[in-house]
Every structure is written in C-alpha cells, then in structure tokens.
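Q: task: produce atomic coordinates for the following.
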Amino acid sequence: MNDTPDDIHRADPAAVARRIADRREQLGVGEEALAQMAAMAPRYLSYLLEAGPAFDPGGFLRIAAALGLSRGELLEGRTEGPPGQGGPGPHPRLLGLTEAECWDLVGTHGIGRIALPVHPGPIVFPVNYVVDDGTFAYRTGDRTAPSEGTDLSFQVDHIDEYLGRGWSVLAIGTAEPVHDPAVRHHLADLPGAIPWPGGDRPRWVRLRPDEITGRRLVSD
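A: Numbering: from 1, shown residues only. Model (predicted):
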C-alpha cells in the first residue's frame, strides 16, 4: 500500500527542481555542495531532481532542510514571508531580561544563529544548539569551525505573530573547540544534538558566554 502523501504525488518535478536551482543560486550553493549537505551522492541528487519528490520523499526533505526551505515551500513554492510582517501588537514595549530568564527561555536545545568574524565581513548562519554546563554547543563542518579563542556571538529568539510578542537572547563569548572524545560523545547524546540539515558535521564547538542578555517584546 502506498502511503505517500498526496502533495508529494501532485508536485511537479520540473517546478520543484527549478525552486531548488533558484534557492541554490540565492545561497551560492553548488549542486555538489548541496548533495553533501543533504547526505547523498551528487549523481543521486541529479537523478532525484529529474525523478521528482514521489521517488524519494525523505531525500527531498533533506534537500529542503539543507536549503532552509519548508516542505510546503519546496513542493508548492513560498507561501509565507519572513516573521514580523504582521506588525506589532497594541502599545508594544521592550523589557530587559535577567540572565536567569535568558537561560530559562533558551531551554536545553533549539535553533539559533551563530555569528563568526570572517573576512571580508562577519557571517551569520543557523545552527542546532544544545545547552550544557552553562555553555552553548553546536556541531559544524571543517570549513566553518572557528579556531580556539575566536570571538563569537549567538542569538536565539522567538516571535508570536498573532499576539505581536516575542523575545530575543544574545550571548557573547569565545569559541572552545571540543577535542575530548568523551565530551563529544556526551554532547552527541543530548536532546537536539542532531543537525536538521543532516550531513557530516564532525566538529563540536562550545560558546561559554562572557555576557548573556535578552529583551522581551510585550504588548498591552
């Protein structure tokens, strides 16, 4: 019995392949790099782009995750804009958060954005993070792994479009690459340690905050 969802069967392979090509061009990601990010061979990626999502739905979900697209955006095109287009709620106010409140909001794991000071300018990219012993830790590849002592900033936030409320937490510190196999194994066993995009991300990096601050947006 074929239990593949109807939207997978309805998807036009040519249109999906075009969306993937457009997104690759937007991000500056080559087809071979995309294959690596999606944990598949380049020849298999090329075949999938011709065969369409119904041939390997799981493979296309990995492609979507690697490109930062939702399932709907990949199959049907973009239907949602970036957050914040709904406008603020009535009488918006910004309130400062204590350090304890910041740690409580970021929880034990989630997705945040890491900022690296590289030439010719800083880059920011999303990462799956875990919280361990007063630090943030994340997995990354060889090319984006910062060296010991690199200045980092890390941001986690949440917005409620319907209520016009949200919060943002910013941590600033330095990079601590994790080399101890026992510690790496411990981090890998924590909830949220598996990167959504998949692929080989062999490096673990800690950010031990020198400062952690946050703000909450509220409305009356």
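
Q: only C-alpha atoms for contact and neighbour calcs from this point on.
A: Will do.

Q: centroid residue for this structure?
A: Note on the chain: the residue nearest the mean C-alpha position is residue 126, at 3.7 Å, using CA atoms, centre = their mean.

Q: so which helix or strand takes in that residue?
A: strand 123-132 (DSSP states H and E).

Q: please apply the same query to residue 215.
A: Using DSSP H and E, residue 215 sits in strand 203-219.

Q: list the contacts for residue 175?
A: With contact taken as CA atoms under 8 Å, 6 or more residues apart in numbering, residue 175 is in contact with 146, 147, 148, 149, 150, 151, 152, 205, 206, 207, 208.

Q: brain fart, residue 117
A: 123, 150, 151, 152.

Q: neighbouring contacts of the lowest-mean-pLDDT helix or strand in the chain?
A: Across the helices and strands of the chain, mean confidence by mean pLDDT, DSSP states H and E is lowest for helix 6-10: a mean of 75. Under the contact criterion CA under 8 Å, 6+ apart, helix 6-10 has outside partners 53, 54, 57, 75.

Q: show me those residues that map onto strands.
A: Members of the contacts of helix 6-10 lying in strands (criterion: DSSP state E): none.

Q: going by distance to residue 167, which of these wins?
A: residue 75 (31.2 Å; CA to CA).

Q: which of the residues in stretch 93-110 are buried?
A: For stretch 93-110, the neighbour count (16 or more other CA atoms under 10 Å) marks 97, 102, 103, 105, 106, 109 as buried.

Q: ok, and the most crowded of the contacts of residue 117?
A: Using other CA atoms under 10 Å as the neighbour test, those are led by residue 152, with 19 neighbours.
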